[in-house]
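Participant: Build the 3D model from these lines:
(2 chains)
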Amino acid sequence: MNPEREIRALRERLREGGLAGSFLVRDLNSGEEIGIDPDLAYPIASLVKVPLAIAVLSRIANGELDEAQPIDIAPGRVDLAGPAGLSRFRYPARVAVADLLYLSIAISDNAAADALFALVPPAEVNRTLRDYGLSGIVVRHLMGDLMDTPAERFAPGETHLAHSLAIGARTATRGHPVRQLDVSLANSGSAKSFVDLLREVWAPQRIPAEVAARVRELMADNLIRHRLAPDFASDAARWSSKTGTLLNLRHEVGVVEHEDGSRFAVAALTESRVPAVLQPAAEALLARVARTLHDLLREG
Amino acid sequence: MPFWHTIPPMDLVAACRVFVHVGERGSVTLGAAAARVPQSVASRRIAALERHLGERLFDRSTRRTALTAFGRDLLPSAKRLVALAEALEHDAEQAKLRPLALAVPDTCSVRQCALLEGAAREHGAVLEFRTAAPAERAALASAREVRAALIAVPPDEGSWVVPLGVATAKNTGTRALHLDTLRPSRTQEARRIWLQPEDDVPHVRDRLEHLGHRAALLPAQLTVATSLTAAVSDVLRTDNLLLGSAAQAHELDLHWRPLAGTPVSRGYAMTGDEADRLKSPLWTHIAKCLGAQPKDETR
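Facilitator: Prediction:
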């Protein structure tokens, strides 16, 4: 396999599409991998809900937490389009821990995730990751903190201005004047660190088997499927994943399991320089790049 | 019981042949040479014929071997018998050489068909090839318009199995191609697999379409070409692929890769009046014509 030329072409296509990113695809059976800047760290936005789920499920598994424990959720009353689930509720709700996990992964519910962070704070999530030998993903803050970006301060019609501010302001050391986009201040990780995490979930060595199985089920039930799923899911291939979106960041990490038994972990972390909120062309392009890497690895 | 039943069996035609040669030349030595038998055999045959006919044909009292009156009377009839026997043998040779019509797929190469023809002649059959599409071949065989036909059957029912892969103009290696890597993207035109008319049969087309649907390919990504030439022309100009055998790709000077899991194969069986006579002795040559796997690899 000599994929260098294809990878150069993919970089060029990303550039033309206004995207930069960290991509990695790994064959979970053979360990072979192929990527584009896989070690580049990005703020991970909602991808953090996967390590959070691992940490919460580990505490359920060792008896520290009861998955049936009901949690009172104050109404979020968020009127912005985007956040889904409990964040949009108008009245108080009482939801069990296990169901908070479902909402947090399946529809990327921020209020549900923060309710779980109240039980297992960021430092605990970090410690769990280290215990499992997973480095490279750092958890520093709650989901609610992401709701305080420049985007929330502009009128709905002017959100693109927030994107303009976000784009191009990254400093040479990958810092950023917007706190949530600064990899040294935000929850952060790279494509490689997420592929390592997915490998541990799909072929557990240190994570307890029942915890890994629950995480796989939760990710298979993910309902946000407009990014990589159109290029990976089919009747002959199961796609389990989690997305992350914040301002100009568009990420997705997941595993495709083919009928013939082959499994590939895919991580795509990207940053756009187009100041628009909805970018279907960028979604399609980043998925195409991930798929092409997958095909290169699968076909040799 | 008639008299001639009591004598040992005799080859009447062979004896008449010697009688004619000796009678014409007036010498046993010369006649035996002309009949290409040793002199002793010639004498024995003449003696046997004389016993059979009940009279002497030659007068042995003189130094020359002269015909008796009886011999002179019978010589014209003996000549006619010998000529007729030669005509019969000649006609039999001609009948054996009459071509035997065999319906074959249009995927068979001219060279392999020619080699098959040569091998068939060694087994006493002259083949005449009729290339036809799968449905037409079955119809030709059942209407007895051909004496044997290679018909398309599901691979597990076939005597010959031809694994199918994809051929491309560009060399992309020899590893098996997974269908799912052809799934269309939102940003690029989808690549197409051309099916040859030969593969417009349920065990190839329907199965491949089913796998295509499951792998999320567009229906148009699996299309039956109007002709092999049209498909090859497109494959040479584009990134598209041609479904076919490795042997066919080689003949077309295209690069061939198997499909992962060998999901589809062509299967062939031979039917028709002459099928039993041709099938076993020509198995290997037919396999080469079809691009089929050698025998030890079949099932």
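Participant: Residue numbers of chain A in contact with chain B?
Facilitator: The interface of chain A toward chain B, taken as CB under 8 Å from any CB of the partner chain, is made up of A:230-231, A:233-237, A:258-260, A:280-281, A:283-285, A:287-288, A:291, A:294-295, A:298-300. In this view, the C-beta of every residue, glycine as well, is placed from N, C-alpha and C.
Participant: Buried ones among these?
Facilitator: With neighbours counted using 16 or more other CB atoms under 10 Å in any protein chain shown, these contain these buried positions: A:230-231, A:233-234, A:236-237, A:258, A:281, A:283-285, A:287-288, A:291, A:294-295, A:298-299.
Participant: out of the residues you listed, which are inside helices?
Facilitator: Using DSSP state H to define helices, the subset of these located there is A:230-231, A:281, A:283-285, A:287-288, A:291, A:294-295, A:298-299.
Participant: Give the other helices and strands that the host helix or strand of B:Arg80 contacts.
Facilitator: Under the criterion of DSSP states H and E, B:Arg80 resides in helix B:69-97. If contacts are counted by 3 or more CB pairs under 8 Å, 6 or more residues apart in numbering or on different chains; DSSP states H and E, helix B:69-97 sits against helix B:12-25.
Participant: Identify the residues contacting whichever helix or strand comes after the helix it packs on?
Facilitator: Using DSSP H and E, the helix or strand that follows helix B:12-25 in sequence is helix B:28-35. Contacting residues not belonging to helix B:28-35 are listed as B:17-18, B:21-25, B:38-39, B:41-43, B:46, B:65 [CB atoms under 8 Å, 6 or more residues apart in numbering or on different chains].
Participant: I'd like to check what contacts stretch B:133-146. Which residues are they?
Facilitator: Outside of stretch B:133-146, the residues that reach it under the criterion CB under 8 Å, 6+ apart are B:101-106, B:130, B:132, B:148-152, B:197-198, B:200-201, B:271-273.
Participant: in the stretch 101-250 of chain B, which spans are strands?
Facilitator: Listed in chain order, the strands of the stretch 101-250 of chain B (DSSP state E, counting those that start in this stretch) span residues B:126-131, B:148-153, B:160-163, B:165-168, B:193-195, B:222-224, B:241-244.
Participant: packing partners for the fifth one?
Facilitator: In other words, strand B:193-195. In this structure, strand B:193-195 makes packing contacts with strand B:222-224, helix B:228-237, strand B:241-244, judged by 3+ CB pairs under 8 Å, 6+ apart.
Participant: Given that strand, what are its sheet partners and their directions?
Facilitator: Applying DSSP bridges to the sheet, strand B:193-195 is found paired with strand B:222-224 (parallel), strand B:241-244 (parallel).
Participant: buried ones in the shortest one?
Facilitator: Within strand B:222-224, the residues that qualify as buried by neighbour count (16+ other CB under 10 Å) are B:Leu222.
Participant: One more: stretch A:158-169?
Facilitator: A:Thr159, A:Ala162, A:His163, A:Ser164, A:Leu165, A:Ala166, A:Ile167.
Participant: JSON lines please, covering those residues and showing pLDDT.
Facilitator: Formatted as JSON lines, the buried residues of stretch A:158-169 follow (pLDDT from 0 to 100):
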{"residue": "A:Thr159", "pLDDT": "73"}
{"residue": "A:Ala162", "pLDDT": "74"}
{"residue": "A:His163", "pLDDT": "76"}
{"residue": "A:Ser164", "pLDDT": "76"}
{"residue": "A:Leu165", "pLDDT": "73"}
{"residue": "A:Ala166", "pLDDT": "74"}
{"residue": "A:Ile167", "pLDDT": "77"}
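Participant: Now do the same contact list for A:Arg140.
Facilitator: With the criterion set at CB under 8 Å, 6+ apart, A:Arg140 makes contact with A:Pro122, A:Leu185, A:Ala186, A:Asn187, A:Ser188.
Participant: bridging residues for the last one?
Facilitator: Judged by DSSP bridges, the bridge partners of A:Ser188 are A:Pro43, A:Val138.
Participant: Now do it: how many residues are near it, please.
Facilitator: By other CB atoms under 10 Å in any protein chain shown, 22 other residues sit near A:Ser188.
Participant: for chain A, what spans make up the strands?
Facilitator: In chain A, the segments counted as strands under DSSP state E are A:19-27, A:33-36, A:41-43, A:70-73, A:93-96, A:188-190, A:237-246, A:249-258, A:263-272.
Participant: Could you export those as CSV, including mean pLDDT?
Facilitator: As requested, those are exported to CSV (pLDDT from 0 to 100):
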stretch, mean pLDDT
strand A:19-27, 95
strand A:33-36, 96
strand A:41-43, 93
strand A:70-73, 94
strand A:93-96, 96
strand A:188-190, 95
strand A:237-246, 95
strand A:249-258, 96
strand A:263-272, 96
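Participant: buried ones in stretch A:61-77?
Facilitator: With burial defined by 16+ other CB under 10 Å, the residues of stretch A:61-77 counted as buried are A:Ala61, A:Leu65, A:Glu67, A:Ile71, A:Ile73, A:Gly76.
Participant: Not counting residues beside it along the chain, what's closest to the third one?
Facilitator: By the measure of CB to CB, 6 or more residues apart in numbering or on different chains, the closest residue to A:Glu67 outside its immediate chain neighbours is A:Ala98, 4.0 Å from it.
Participant: next one: the fourth one
Facilitator: If the residues on either side of it in the chain are set aside, A:Ile71 comes closest to A:Ala115, at 5.2 Å by CB to CB, 6+ apart.
Participant: Run through the residues that contact A:Leu65.
Facilitator: A:Val56, A:Arg59, A:Val97, A:Leu119, A:Val120.
Participant: Just give me the closest of those to chain B.
Facilitator: The shortest distance between chain B and any of these, using CB to the nearest CB, involves A:Val56 and amounts to 33.7 Å.
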